[in-house]
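any chance you could fold what I've pasted below:
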Amino acid sequence: MNKIYSTLLILLLSLFFLTNTAFAAKQITYCTEGSPVYFVPSVASDSASFDAARALYDPLLKTKQGSTELIPALATSWNISKDGKVYTFHLRKGVKFHTTKYFKPTRDFNADDVLFTFDMQGNKKNPFHKVGNSAFNYYSSMNFATLITSIKKTDDYTIKFTLSRAEAPFLADLSISAFSILSKEYGDQILAQKKDIMTISNQPIGTGAFSFYSYKKDSMLRMLTFKDYWAGRADTDRLTFLIVPNASTRTIQLEKGDCDVVAMPSPADVPKLKKNPHVLIQTITGANIGYLGINVTKKPFNNVLVRQALSYAVDKEALIKAVYRGYATPADNLLPPSIWGYNNKIPKYKFNLKKAKALLVKAGYPKGFSLRLWAMPIARAYMPNAKRAAEIIQADWGKIGVQVKIITYDWGTYLRKLNQDNKEKDVFFIGWTGDTGDPDNFLYTLTSCSATKGGSNYGYYCNKKFDALLYKAKRTSNIKQRASYYKQAQLILAKDAAVIPLANASVINASRKRIANFKPDPGNNKWFSLMKVK
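Numbering: from 1, shown residues only. Purely as a prediction, here's the structure:
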């Protein structure tokens, strides 16, 4: 069936390129692994949505291509008060919003748009607060509801954030695509015309280098180059996302020239691609982690001995060889080694079935138990093939008496179920690619108590001592002191076996050589506005 599907998809894509030469013009075609779940960045948490967001929108500040250095975007500069609680942003003037067939702006970007963007996330009375079922993952995970006490505009181009406490990662957090700025005027138009509030996502308006043209789920997203982009017009006329879930099919399309850039090429295809004179492969160490989340609120997973047993029964070396094809390193920690503050002295769960079995006996499960293991249906930067990885783990856990049923859903449903307080959820594949290069972006976002409520802590782990260390790290700007707190926190997390770290994957970029200035990024970001077409 996979071969039939791949053949049909190749034929359909070939037909697309034959019949759409008029649209193609000077075009960059990006073959992505899945459909964007949302076009409102604040409710997104998947890479396909954020790839689109970086083309359509801008945040107040962003990271420099290929690094974690913060640079101006919609804010040209900022000031921080001595107590670290007040951030004043000076906004860029002359920034245009997109003009489309469904919206024509009458003014430039200003402070009202910043207020609108954050109010829809933090204010339950805002008409757009229910967009995406109010699942503002980043806003919730970072506890912005209690951190931000007020946001006020001094004038149209000056805005002031007042915090309840000093927050060292705050600037870096605002560079995340989830906090890209939306148009208040467009929101007002949607309400005035009594349209569904999801219109703001289904027909997006931003200030980015590309504007929305059309979208068909599981097929194609088309964007037009925005000639009035504040940072300068992109070096192309069109940007097209082709949704191609199968990694092997993406490889074929890249070799044929139907794709200029591909998302998450299969590590198994890299040797072949390296031999193609028209393809460029670039690989760097990624700031990512693939891991197994555990619903620690359920029996038997609320028993730390059970979680430790499962941890000892995962053969990470086998996963690296069979799933990552060597393009990864085994992970012992939720925080990647490439992020400062990494602790290499935490307890390590080396593959040991005998020890795992003994822990289950000690926990009161000498005959084992059964569980559901969720595996995502598509490749991720941190996990090329979750189904194959699940089969390997299923076999090893079976040897200690743990019977595993592998379950999957389409990607959108998978993410929604992770976000729900789902009693069916036992153990699940998930991962994270760093947004900012700050340890807080991993540890607080993924495992803090605050992140259990609408955030990205899908296993509901909550340890007050662990949280206290994270808060101490947030409240000091001294890097050495912050690193010390994070290292202590990692010890607690590892002893609790709250998650099972699997691997830190390499970032593999694959593109046609006609595309210049496509650079590897630790966070796997795609900066389409900076790409050049030869």
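
and the residue nearest to residue 100 when sequence neighbours are not counted, what helix or strand is that in?
Using CB to CB, 6 or more residues apart in numbering and skipping residues adjacent in sequence, the residue nearest residue 100 is residue 211, 6.0 Å away. Just so you know, the C-beta spots here come from the backbone N, C-alpha and C atoms, and that holds for glycine as well. Using DSSP states H and E, residue 211 falls within strand 210-216.

neighbouring strands for that strand, and are they parallel or not?
The strands that strand 210-216 pairs with in its sheet are strand 220-225 (antiparallel) (by DSSP bridges).

can you list contacts of the strand it pairs with?
By CB atoms under 8 Å, 6 or more residues apart in numbering, the residues outside strand 220-225 that reach it are 16, 23, 36, 52, 55-56, 209-215, 233-234, 236-243.

CA atoms of whichever helix or strand comes after that strand as PDB?
Using DSSP H and E, the helix or strand that follows strand 220-225 in sequence is strand 238-243. C-alpha atoms of strand 238-243 as PDB (Å, rounded to 0.1, in the frame of the first residue of the first chain):
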ATOM      1  CA  ARG A 238       6.200  32.400  -4.700                       C
ATOM      2  CA  LEU A 239       6.600  30.100  -1.800                       C
ATOM      3  CA  THR A 240       4.800  26.700  -2.000                       C
ATOM      4  CA  PHE A 241       4.500  24.100   0.700                       C
ATOM      5  CA  LEU A 242       3.800  20.600  -0.600                       C
ATOM      6  CA  ILE A 243       2.500  18.300   2.100                       C
END
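
residue 189 versus residue 210, what's the distance?
Residue 210 sits 21 Å away from residue 189, going by CB to CB, to the nearest Å.

out of those two, which sits in the busier spot?
Neighbours per residue, other CB atoms under 10 Å: of residue 210 and residue 189, the larger number sits with residue 210, 25 against 19.

I figured that one hits residue 226, correct?
Yes - the pair formed by residue 210 and residue 226 meets the contact definition of CB atoms under 8 Å, at 5.9 Å.

any residues in contact with both of these two?
Joint contacts of residue 210 and residue 226 (CB under 8 Å, 6+ apart) are residue 234.

could you pull out the strands in the stretch 301-450 of the chain for me?
Secondary structure of the stretch 301-450 of the chain (DSSP state E, counting those that start in this stretch): strands at 328-330, 369-374, 402-407, 427-433.

tell me the most buried of those strands?
strand 427-433 (a mean of 24; mean count of other CB atoms under 10 Å).

CA atoms only: put that strand into CSV for me.
Taking Å, rounded to 0.1, in the frame of the first residue of the first chain, the C-alpha atoms of strand 427-433 are listed here in CSV:
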residue,chain,number,x,y,z
VAL,A,427,3.2,6.4,27.4
PHE,A,428,3.8,8.4,24.3
PHE,A,429,6.4,9.5,21.8
ILE,A,430,7.0,13.2,21.7
GLY,A,431,10.0,15.6,21.5
TRP,A,432,11.1,19.2,21.5
THR,A,433,13.4,21.4,19.4
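
list the strands paired with that strand, with their directions.
strand 288-294 (antiparallel), strand 369-374 (parallel).

any idea how far the first one is from the chain center?
What that stands for is strand 288-294. Centroid displacement of strand 288-294 relative to its chain, using CA atoms, centre = their mean, to the nearest Å, is 13 Å.

could you do stretch 77-95 as well?
26 Å.

for residue 412, give its distance to residue 38.
9 Å.

which of these two has more neighbours?
residue 38 (24 against 16).

run through the residues that contact the more buried one.
Under the criterion of CB under 8 Å, 6+ apart, the neighbours of residue 38 are 44, 49, 131, 132, 201.

how about 6 Å then?
Going by CB atoms under 6 Å, 6 or more residues apart in numbering, residue 38 touches 44, 49, 132, 201.

any chance of those residues in TSV, plus neighbour count?
Converted to TSV, those look like this (neighbours: other CB atoms under 10 Å):
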residue	neighbour count
44	26
49	23
132	21
201	22
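
just these: which has the poorest pLDDT?
The lowest pLDDT within the contacts of residue 38 belongs to residue 132, with 84.

how many residues are close by the closest residue to it other than its chain neighbours?
With sequence-adjacent residues excluded and distances taken as CB to CB, 6+ apart, residue 132 is closest to residue 43, at 3.0 Å. Using other CB under 10 Å, residue 43 has 25 other residues around it.

pretty sure residue 43 sits against residue 135.
Yes - under the contact definition of CB atoms under 6 Å, residue 43 touches residue 135, with a separation of 5.5 Å.

follow-up on the earlier one: out of the strands paired with strand 427-433, which gets nearest to residue 351?
Minimum separation from residue 351 across the strands paired with strand 427-433 (CB to CB) falls at strand 288-294, 14.2 Å.

any idea how far the closest residue to residue 319 other than its chain neighbours lies from residue 431?
Nearest residue to residue 319, sequence neighbours excluded (CB to CB, 6+ apart): residue 389, at 5.6 Å. Counting by CB to CB, the gap from residue 389 to residue 431 is 11 Å.

equivalent analysis for residue 115, please.
In this structure, residue 115 and residue 431 are 34 Å apart, going by CB to CB.

tell me the contacts of residue 501?
Applying CB under 6 Å, 6+ apart, we find residue 501 in contact with 291, 331, 333, 334.

mind doing that once more with 8 Å?
289, 290, 291, 331, 332, 333, 334.

filter those residues to the buried ones?
Burial by neighbour count, 16 or more other CB atoms under 10 Å: within the contacts of residue 501 this picks out 289, 290, 291, 331, 332, 333, 334.

thinking the third one is in contact with residue 442, fair?
Okay, so that is residue 291. No - Residue 291 is not in contact with residue 442 according to CB under 8 Å; the separation is 10.4 Å.

mutual contacts of the two, please.
334, 432.

follow-up on the earlier one: now the strands paired with strand 427-433 in TSV, with distance to residue 398?
Formatted as TSV, those follow (distance: least, CB to CB, whole Å):
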stretch	distance to residue 398
strand 288-294	16
strand 369-374	10
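
now those strands in JSON lines, with distance to residue 322 and mean pLDDT?
Shown next, in JSON lines, are the strands paired with strand 427-433 (distance: least, CB to CB, whole Å; pLDDT from 0 to 100):
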{"stretch": "strand 288-294", "distance to residue 322": "14", "mean pLDDT": "97"}
{"stretch": "strand 369-374", "distance to residue 322": "17", "mean pLDDT": "98"}
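
so which of these is nearest residue 348?
Across the strands paired with strand 427-433, closest to residue 348 is strand 288-294 (CB to CB), at 14.4 Å.
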